[in-house]
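In: Predicted model and sequence follow; I will ask about them next.
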Amino acid sequence: MSDSLSPFNSTNPCFGLTIDECYWDSVPWEYKPSLALNGLLAGIFGLCAAAHLIQGIMGKTWGFAIAMVIGCIVEVIGYAGRIMAYNDLESENPFLIQICCLTFAPAFLAAGIYVCLSRIVIVFGADISRIPPKWYTYIFVACDFFSLVLQGAGGGMASVAVNNHKSAQPGTNVMLAGLGFQVFTLVVFLILCGEYAWRVMQRIKSGGQLDPVHAKLRQSKRFRGFLLALAISTICILIRSVFRVIEMAEGWNGHLMRNQTLFFILEGVMVAIAVIVLNFFHPGYCFADGYKAGVKNSDSLKSEGTYERDSQAELGNFNRNQSMMMASR
């Protein structure tokens, strides 16, 4: 007997479908999640979370550490949902767990990246920036929080709709808006970073002076490595976010939603790279190299006020010493 029609009548949702097609039409998944790859990514993010926690405590980079650790933990929960689904494709809860967690986890990671920009501006010269350094943190973390709220609300709406056997599209649209706003924020962040870098180069070309307190820090290989790692991390999260926007825009039955390979490359691998490079070039470690010549008895990525007050005090000491040296001549 043919698989296609005879078991069903025209009022059955599976009318006209093969048995295999009917099964996949009745479950939330478009493929069977890979146990090995999901387990690997869950393990990677678990180790990164532990590493960022230890590095944050040792380097006292509290804001950065909190953002990165929470982001990694949410990633672990998301991949745990995919692991749970391996032997239970029909259950909706594992699917909803991974959709919600893996959608908004990178928002926490982006917040960690945004926290770093104000400190970089101070190291090169706050006077070069168009806005006070602390406003970079205020503006971008606020935008990231708004994106996170939209994604979380959309995920909650979709979950409630699915559990009540209603359309999840309204919630999906809200999640899509949150992801879109995250992409917009990341693009603006990169533009402002590029604009500030251009202003720094113009200052150097014109023979102007960068912040003298952090001269040794700027020359250190660790700090330069951190700048490269931060750029790589930002670009990876941007690529991932653009992918998820396109994926959700196509809908739950779209081509990208059915492609597990692209998901692992453009979601899992991109986010993993973004996290790992900042483990190897952690700001608490990279800012410390040569830092003793600048702000004494101060840890990198402290609170905004403390960091700027220490830098300004040290700069005042530097200027007074320069004046005394000129007077002695």
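Out: Everything's here; your move. Numbers count the residues shown, from 1 in each chain.
In: got a list of what residue 71 touches?
Out: Residue 71 makes contact with 105-109, 111-112, 275, according to Cβ atoms under 8 Å, 6 or more residues apart in numbering. Bear in mind the C-beta positions are built from the backbone N, C-alpha and C, glycine included.
In: ok, and the most crowded of the residues you listed?
Out: residue 106 (31 neighbours; other Cβ atoms under 10 Å).
In: Next, give phi and psi for that one.
Out: With angles defined as degrees, to the nearest 10, residue 106 sits at phi -60, psi -20.
In: so what pLDDT did it get?
Out: The model reports residue 106 with a pLDDT of 95.
In: Find the nearest non-adjacent residue to it, please.
Out: With Cβ to Cβ, 6 or more residues apart in numbering as the criterion, residue 106 has its nearest non-adjacent residue at 5.3 Å, and that residue is residue 237.
In: sec struct for the one you found, please.
Out: Of the three states, residue 237 takes helix under DSSP: H, G, I helix; E, B strand; the rest coil.
In: Point out where the stretch 51-200 of the chain drops to low pLDDT.
Out: For the stretch 51-200 of the chain, not a single residue meets the criterion pLDDT under 70.
In: That one: helices as residue ranges?
Out: 62-85, 92-124, 133-163, 169-205 (DSSP state H, counting those that start in this stretch).
In: For the residue nearest to residue 106, give me its contacts.
Out: Shown in contact with residue 237 (Cβ under 8 Å, 6+ apart): 106, 109-110, 113, 186, 270-271, 274.
In: Which one (most neighbours) among those?
Out: Each of those was scored for neighbours by other Cβ under 10 Å, and residue 106 scores highest at 31 neighbours.
In: returning to that earlier point: pLDDT at the residue nearest to residue 106, what is it?
Out: 97.
In: one step back: which one among the contacts of residue 237 gets closest to residue 64?
Out: Ranked by distance to residue 64 (Cβ to Cβ), those are led by residue 113 at 8.7 Å.
In: which residues sit in contact with the closest one?
Out: Here residue 113 is in contact with 189, 230, 233-234, 237 (Cβ under 8 Å, 6+ apart).
In: Just the buried residues of stretch 195-212, please?
Out: By neighbour count on 16 or more other Cβ atoms under 10 Å, the buried set for stretch 195-212 is 196, 200, 203, 210-211.
In: for the residues you listed, which one is nearest residue 160?
Out: residue 196 (43.0 Å).
In: so how far is residue 37 from the residue lying closest to residue 155 once chain neighbours are set aside?
Out: Closest residue to residue 155 apart from its sequence neighbours, by Cβ to Cβ, 6+ apart: residue 100 at 3.6 Å. Separation of residue 100 from residue 37 (Cβ to Cβ, to the nearest Å): 20 Å.
In: Kindly report the same for residue 91.
Out: In this structure, residue 91 and residue 37 are 20 Å apart, going by Cβ to Cβ.
In: Quickly note the distance from the residue nearest to residue 155 to residue 213.
Out: Taking Cβ to Cβ, one finds residue 100 at 44 Å from residue 213.
In: With distance to residue 77 added, can I get the contacts of residue 113 in TSV?
Out: As requested, the contacts of residue 113 are exported to TSV (distance: Cβ to Cβ, whole Å):
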residue	distance to residue 77
189	26
230	26
233	21
234	24
237	18
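In: Could you single out the nearest of these to residue 174?
Out: The closest of the contacts of residue 113, once distances to residue 174 are taken by Cβ to Cβ, is residue 237, at 20.5 Å.
In: ok so, going back, what is the nearest of the buried residues of stretch 195-212 to residue 52?
Out: residue 196 (25.8 Å).
In: For the closest one, list the residues it contacts.
Out: Residue 196 makes contact with 121, 124, 128-130, according to Cβ under 8 Å, 6+ apart.
In: Those residues into TSV, with extra columns for distance to residue 221 and neighbour count?
Out: As requested, these are exported to TSV (distance: Cβ to Cβ, whole Å; neighbours: other Cβ atoms under 10 Å):
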residue	distance to residue 221	neighbour count
121	21	24
124	17	20
128	23	16
129	25	21
130	29	9
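In: Report the two of these separated the most.
Out: Using Cβ to Cβ, these span at most 13.4 Å, a distance reached by 124 and 130.
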